[in-house]
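1. Sequence plus the predicted model coming up.
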Protein chains: 4
Amino acid sequence: MAVAEPENAPRRRADAIRNQEAIVEAATEVLAEQGTAVDVREIARRSGVGMGTLYRHFPKKEDLIRTVLRQDFSKWAESARQAAIGAEDPWAALTGFYEQALTGYARHRVIVENFALTWSDPDLEGIQQLRLVIEELRAGAADLLRPGVTTEDLLLLLVSLGHAVQLTDECRPLMWNRLLRISLDGLRADHGEPLPVAHRSRSK
Amino acid sequence: MAVAEPENAPRRRADAIRNQEAIVEAATEVLAEQGTAVDVREIARRSGVGMGTLYRHFPKKEDLIRTVLRQDFSKWAESARQAAIGAEDPWAALTGFYEQALTGYARHRVIVENFALTWSDPDLEGIQQLRLVIEELRAGAADLLRPGVTTEDLLLLLVSLGHAVQLTDECRPLMWNRLLRISLDGLRADHGEPLPVAHRSRSK
Amino acid sequence: MAVAEPENAPRRRADAIRNQEAIVEAATEVLAEQGTAVDVREIARRSGVGMGTLYRHFPKKEDLIRTVLRQDFSKWAESARQAAIGAEDPWAALTGFYEQALTGYARHRVIVENFALTWSDPDLEGIQQLRLVIEELRAGAADLLRPGVTTEDLLLLLVSLGHAVQLTDECRPLMWNRLLRISLDGLRADHGEPLPVAHRSRSK
Amino acid sequence: MAVAEPENAPRRRADAIRNQEAIVEAATEVLAEQGTAVDVREIARRSGVGMGTLYRHFPKKEDLIRTVLRQDFSKWAESARQAAIGAEDPWAALTGFYEQALTGYARHRVIVENFALTWSDPDLEGIQQLRLVIEELRAGAADLLRPGVTTEDLLLLLVSLGHAVQLTDECRPLMWNRLLRISLDGLRADHGEPLPVAHRSRSK
DNA sequence: TATGAATGAGACTTCATTCAT
DNA sequence: TATGAATGAAGTCTCATTCAT
């Protein structure tokens, strides 16, 4: 039961697939190490393919970066989702989700470096999936959350704390745990004041 | 308030100072517009000085960026501090401080782009001053804060929310207000659980 | 009219021939549109064959270009020849030949781009055929031509005017007609002066 | 009485001028040898300047080519003009002009390679100057020319013959002289038939 | 000392040709 | 044998930094 492929897709790409994977893998590594400023040749070198091959698969450097971003994002989001699944109760699910997500965040430099992009990229299905997961968690814990907390709030909180993780990862690992606790407490139902109204999107 | 200069400094600093100021001013502008990827020539051009002069004052591009960063940072922090000063009560002071700081954050692209640098730069006095301000606010509102909240927590919260501001500034301005409210509520004294222990800084 | 093939040629040429024809056809199209700078892949794509097949038939890009050039050249020359055939008198034949040839010239980009090549290529039978045609026309109109006019003169005149056609095709179509008239008048017998001596070909 | 320079032009460019000249000189050489397909680095190398310098003076490769084209064109046109000046009578002037122009034509590969560009480039003052020269020659020899011959005709004839020169320069030098004679004879007044009407420019 | 021209290592990308499948 | 993926040497252009004037 392999992943369904379009019937009309061309066959015969065993090595092409292997190469593409090697490129993405190498790119993931290199981007994590050096950020988006890397020389494309370094990626080609580590992939063990020539420049032409790399550019056959990814006509622009940015195409490659996007691909890595999406994949990295998906993996990251999925691991966080898994952490939520095994939880005992809805609140533990939410908490576990954040903990897992944030724990892995610092390792995903591409995500970090491009979150502004990620955030506003409508093509990036990953973020939609993440939204769905969060929405589920929110719905499950609705009784425990203060009224008015939206999925967007929870998503933005995640990203916001992610930044804190990144900053403190080197010098104060786990310090972000305290912020997380504070934020989660702030999300609880026992806060009487409603949240301010979120302004709607400016344009488009 | 001027920076102390060595007594035995050579004369003829008049135009040198004027140049340096022009450079920093132009750099502030340009960096805000285009980020750190700008061509140094653009800065020289807008300053009205030659490349040689620019490099006499700032031997590396990064030196200039740092300088702008410090100054920008100071201005930003100061405006937030002022917002706290006029407040009616300690809690309003803390709230006002965050609001002012975050409102201006998105406009300070250099700060945003370099906060990781800022954060860990021991030479950057600006962050120390900011710490002092926050420490004062924390001390003033100590009774209202849950036990164990440190100045570092408050500082990290600021940076963390700053990131949220940056991400939502274009498409959802003021959405960050909701996160701020949530976090501030989480900081309140009426939460029974103590915060987890912050791990100590890793030895370099 | 088909090109003679060696008797002992291997069988199974059916699809090979079909492929070769498809390649040449596509190449003719593409070269006309984009000139010799086209990517070989574009030709392969339009031919519906793979790169390997293309290179099996034409080991170098230039081989393919040459082939197209020859074929294009032949067609062009033949159409001009036909125009001469139906003429009432020898002079009209000559005139009609030039008019037809020049009218079609601008559409034959490969010829235009490679005439220097064409001109000096001893392998290019096309130019020989063209010479033969012109020679016939010249012989037929010998009485009307000034003494000393050679076939080479007439051929060079054709190419020379062809260049004029190319230059004016876009902005001043048919302006070349005036040049043609001038030249043809200059070729007439009623000019007393003999032509200057043409230097012999330099030994390679 | 040096060439007037704008008063507000910046001074201090002794070496810059020297470099620019060196670049243009080298480019002229290289372009004559290898055509416009040369590697820009080759030009830089021969100029004795770095890539940066070359690109400071000519931000795009085409800018450099254009510059060479213009200069080459001007020199060429000027030498032809000079040949006309010393002539005994108007017809000799016209003849001498063509002879000189065509004699030098083959050496100007950039012109040849780009004449289509040259021809339609309204910024290229060179072609305007050439038009003026030809117009003068035409006016001077008006009595000797068949009625209706325009400056544009004479210009196009020049370019057209230029192409013939280029083609025969290697293998049959001076063969073009015969074509020139033919054409000039065709231009003479003693041809009764008027020339066909030149169609006006299509657009713009 | 101030100027801005010069430097040149590299960045991204293309494409004729080869070769594994 | 046909396919089209792989190759990698070029090619154009940028920009932080140095240096002659």
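-> Everything's here; your move.
2. what sits up against stretch A:126-145?
-> A:70, A:73-74, A:77, A:80-81, A:84, A:90-91, A:93-94, A:97, A:118-119, A:121, A:149-151, A:154-155, A:158, A:187-189 (CB atoms under 8 Å, 6 or more residues apart in numbering or on different chains). (Glycine included, C-beta is placed from N, CA and C.)
3. what comes up buried for that stretch?
-> Within stretch A:126-145, the residues scored as buried using 16 or more other CB atoms under 10 Å in any protein chain shown are A:126-127, A:130, A:133-134, A:136-138, A:140-141, A:145.
4. Averaged pLDDT, that stretch. What do you get?
-> On average, the pLDDT along stretch A:126-145 is 91.
5. Output the longest helix belonging to chain A.
-> helix A:61-85 (DSSP state H).
6. That helix near DNA strand E anywhere?
-> Yes: with CB under 7 Å from any atom of the strand as the criterion, DNA strand E is reached by helix A:61-85 at residue A:61.
7. After that helix, which helix or strand is next?
-> Downstream of helix A:61-85, the next assigned helix or strand under DSSP states H and E is helix A:90-105.
8. correct me, but residue A:111 touches residue A:76?
-> Yes: taking contacts as CB atoms under 8 Å, residue A:111 lies within contact range of residue A:76: 6.5 Å.
9. And the two? Which one has more around it.
-> residue A:111 (27 against 20; other CB atoms under 10 Å in any protein chain shown).
10. Contacts only, for that one.
-> A:69, A:72-73, A:76, A:105, A:118.
11. nearest to residue C:62, of those residues?
-> Residue C:62 has its nearest neighbour among those in residue A:69, at 43.0 Å by CB to CB.
12. got the residues of chain A near DNA strand F?
-> Counting by CB under 7 Å from any atom of the strand, chain A sits next to DNA strand F at A:10, A:12-13, A:15-16, A:18-19, A:48-53, A:55-57.
13. Break chain A into its domains for me.
-> Annotated domains of chain A cover A:14-59, A:66-187 [automatic domain parsing].
14. weakest of those by average pLDDT?
-> Mean pLDDT per stretch puts domain A:66-187 lowest among those, at a mean of 88.
15. now for that domain, what's the gap between its first and last residues?
-> Terminal residues of domain A:66-187 are spaced 33 Å apart (CA to CA, to the nearest Å).
16. sorry, back to before: quick one: which of the contacts of residue A:111 is nearest residue B:163?
-> Minimum distance to residue B:163 across the contacts of residue A:111 is 11.8 Å, recorded for residue A:105 (CB to CB).
17. Relative to residue B:33, how far out is the closest one?
-> 30 Å (CB to CB, to the nearest Å).
18. mind listing the helices in chain A by residue range?
-> Counting by DSSP H, the segments of chain A that form helices are A:14-34, A:40-47, A:51-57, A:61-85, A:90-105, A:109-113, A:115-120, A:125-140, A:151-168, A:176-187.
19. Just tell me which of the domains of chain A ends up closest to residue C:65.
-> The nearest among these, by CB to CB, is domain A:14-59 at 22.7 Å.
20. Filter the contacts of stretch A:126-145 down to the buried ones and hand me the PyMOL line.
-> Buried residues within the contacts of stretch A:126-145, by 16+ other CB under 10 Å, are selected in PyMOL with:
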select buried, chain A and resi 70+73+74+77+80+81+84+90+91+93+94+97+118+119+121+149+150+151+154+155+158+187+188
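21. Now narrow the contacts of stretch A:126-145 to whatever sits close to chain C.
-> Filtering these for proximity to chain C by CB under 8 Å from any CB of the partner chain leaves nothing.
22. Return the residues of chain A in contact with DNA strand E.
-> Residues of chain A lying near DNA strand E (CB under 7 Å from any atom of the strand): A:12, A:14-15, A:38-41, A:51-52, A:55-56, A:59-61.
23. let's see it at 6 Å
-> A:14-15, A:39-41, A:51-52, A:55, A:59-61 (CB under 6 Å from any atom of the strand).
24. Narrow these to those that are buried.
-> By 16+ other CB under 10 Å, these give A:40, A:55, A:61 as buried.
25. Could you tell me how many residues sit around residue A:50?
-> 13.
26. My guess is it contacts residue A:40. True?
-> No: between residue A:50 and residue A:40 there is no contact under CB under 8 Å: 11.5 Å.
27. Please tell me how far the nearest residue in space to residue A:103 that is not next to it in sequence sits from residue A:111.
-> Spatial nearest neighbour of residue A:103, excluding adjacent residues (CB to CB, 6 or more residues apart in numbering or on different chains): residue A:165 at 8.0 Å. Distance, residue A:165 to residue A:111, using CB to CB: 11 Å.
28. Equivalent analysis for residue A:155, please.
-> Distance from residue A:155 to residue A:111, by CB to CB: 13 Å.
29. With residue A:86 instead?
-> Per CB to CB, residue A:86 is found 24 Å from residue A:111.
30. Could you count how many residues lie near the closest residue to chain C within chain A?
-> Across chain A, no residue is closer to chain C than residue A:56, which sits at 10.5 Å (CB to the nearest CB). Residues lying near residue A:56 (other CB under 10 Å) number 14.
31. picking that back up, quick one: the residue nearest to residue A:103 and residue A:107 touch, right?
-> No: at 9.9 Å, residue A:165 does not count as touching residue A:107 under the criterion of CB under 8 Å.
32. Not counting sequence-adjacent ones, nearest residue to the most centrally placed residue in chain A?
-> In chain A, the centroid-proximal residue (CA atoms, centre = their mean) is residue A:73; its distance is 3.3 Å. In this structure, residue A:73 finds its nearest non-sequential neighbour in residue A:126, 4.0 Å apart by CB to CB, 6+ apart.
33. what's the distance between the one you found and residue A:31?
-> The gap separating residue A:126 from residue A:31 is 16 Å, by CB to CB.
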